[in-house]
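Participant: Provide a 3D model corresponding to the input given below.
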Amino acid sequence: MAQEETSLKQAQSALEKYQQDVAANPNSADARSNLGWGYYGLRQYHEAIREFQKATSLQPDHIDAQWGLALSLKGAGRRDEAIAAFQRALDLLRLVKEEDRDRAAILRRQAQSHLNDLQKVTSVQSP
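Facilitator: Residues are numbered from 1 along each chain as shown. Sure thing, here's the model as predicted:
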């Protein structure tokens, strides 16, 4: 219980810092993405979605923001949008620089796993 309270306090403290960063740099895709991750960590998916969308509108190839958007949409139960967001993440991962290839390979596998999970829900619900 105490560990959960400490984790929550740390997450809230990080969120406050990210909010300050966005206030100082409202047109920074990185600041918006970090704020999205802060909300995501607190399972505030709708707020996270809003920030990740702002980040990707500022920088459409921001893979961390796109990844966070996909996860947040999935967490919010917005299945069709999550599928589209994971597919967009896969498209971006094909364009990564050489030094990021290992990370991209891991994220591609994870994205495909999320897509498989989301598509299973569709096939189970279909008559």
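Participant: now for this protein, the helix or strand with the poorest mean pLDDT.
Facilitator: For the chain, using mean pLDDT, DSSP states H and E, the weakest element among its helices and strands is helix 101-125, scoring a mean of 85.
Participant: list the buried residues in it.
Facilitator: Residues of helix 101-125 classed as buried under the neighbour-count rule (16 or more other C-beta atoms under 10 Å) are 104, 107, 111, 114-115, 118. For every residue, glycine as well, the C-beta is placed using N, CA and C.
Participant: and the contacts of that helix?
Facilitator: Residues outside helix 101-125 that contact it (C-beta atoms under 8 Å, 6 or more residues apart in numbering): 63, 67, 70-71, 74, 79, 82-83, 86-87, 89-90, 93, 96.
Participant: give me that answer again for 6 Å
Facilitator: Outside helix 101-125, the residues that touch it by C-beta atoms under 6 Å, 6 or more residues apart in numbering are 79, 82-83, 86, 89-90, 93, 96.
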